[in-house]
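S.K.: Whatever this is, show me its structure:
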Amino acid sequence: MAEFVNINQMYKQMDHVLDVLKEEYMKNVTLRVNVGAFESLHIDVEGEKVMLNEVAQVGRKGGQAIVLNFSDFPTAIPSALKALQASGLGMNPQQEGTTLYIPLPKITTEHRENLAKQAKVLFNKTKAALQDVQNKYIRDARKKNRETSRHSIFCSTKDSCYC
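M.R.: Sure thing, here's the model as predicted:
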């Protein structure tokens with residue numbers, strides 16, 4: 001197996017793809033909205049991309065809303081509003097002075113169905129990324145070993161081959 005493909009390197013890349021999926025699930029596919037989904041949001045402030053938690057204090061107000069306090073950096077509010085609308089989180093922020101309130105939606109059947117659809121989309125993207133990693137190693141092995149059959153190279157990228 002190792003003569004065709006660097007299995008350890010391939011597994012490391014695949015593990016990284018799976019770690020990204022786990023992070024996306026924790027941020028975006030939960031019944032309760034995670035504050036971390038807002039903290040890691042990138043906004044454009046004075047020509048620079050910064051994370052939201054660098055220009056605003058992010059917190060919860062009970063279980064009903066997320067509070068973004070821009071008292072230290074009020075000029076970032078318009079770009080934060082744009083980033084929130086473009087993020088796809090489906091939130092409708094309300095501004096009150098230098099504070100943004102983001103009401104959290106109630107958990108409904110429709111909300112759960114949307115989460116399931118979102119999870120499926122993330123899964124399919126990850127599946128495609130894993131196949132891309134595998135195909136990359138198959139192509140590299142094929143370039144190095146022209147005389148070896150494609151079947152042998154493909155099987156060497158699998159844990160077990162039922163060939």
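S.K.: ok, residues contacting stretch 42-62?
M.R.: 35, 38-41, 66-73, 75-76, 79-80, 82-83, 100-101 (C-beta atoms under 8 Å, 6 or more residues apart in numbering). For every residue, glycine as well, the C-beta is placed using N, CA and C.
S.K.: Just the buried subset of those residues, please.
M.R.: Neighbour counting with 16 or more other C-beta atoms under 10 Å marks Phe38, Leu41, Ile66, Val67, Leu68, Phe70, Phe73, Ala76, Ser79, Ala80, Ala83, Leu100 as buried within the contacts of stretch 42-62.
S.K.: Can you pick out the ones from those that are in helices?
M.R.: Using DSSP state H to define helices, the subset of the buried ones among the contacts of stretch 42-62 located there is Phe38, Ser79, Ala80, Ala83.
S.K.: still on that earlier bit, where's the dip in pLDDT among the buried ones among the contacts of stretch 42-62?
M.R.: Lowest pLDDT within the buried ones among the contacts of stretch 42-62 is found at Phe38 (71).
S.K.: right, and that residue touches Asn69 too?
M.R.: No: Phe38 is not in contact with Asn69 according to C-beta atoms under 8 Å; the separation is 12.0 Å.
S.K.: one step back: go through the buried ones among the contacts of stretch 42-62 and say which is closest to Asn6.
M.R.: Comparing those against Asn6 with C-beta to C-beta places Leu41 closest, at 36.4 Å.
S.K.: Who are the contact partners of the closest one?
M.R.: The contact partners of Leu41, taken as C-beta under 8 Å, 6+ apart, are Met51, Leu52, Ala80, Ala83, Leu84, Ser87.
S.K.: could you dump those to JSON lines with distance to Lys120?
M.R.: As requested, these are arranged in JSON lines below (distance: C-beta to C-beta, whole Å):
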{"residue": "Met51", "distance to Lys120": "28"}
{"residue": "Leu52", "distance to Lys120": "27"}
{"residue": "Ala80", "distance to Lys120": "30"}
{"residue": "Ala83", "distance to Lys120": "25"}
{"residue": "Leu84", "distance to Lys120": "24"}
{"residue": "Ser87", "distance to Lys120": "19"}
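S.K.: closest to Lys27 among those residues?
M.R.: Set against Lys27, the nearest of these by C-beta to C-beta is Ser87 (10.5 Å).
S.K.: For the closest one, which residues are in contact?
M.R.: Ser87 touches Leu41, counting by C-beta under 8 Å, 6+ apart.
S.K.: Against Tyr11, how distant is it?
M.R.: According to C-beta to C-beta, to the nearest Å, Ser87 stands 32 Å off from Tyr11.
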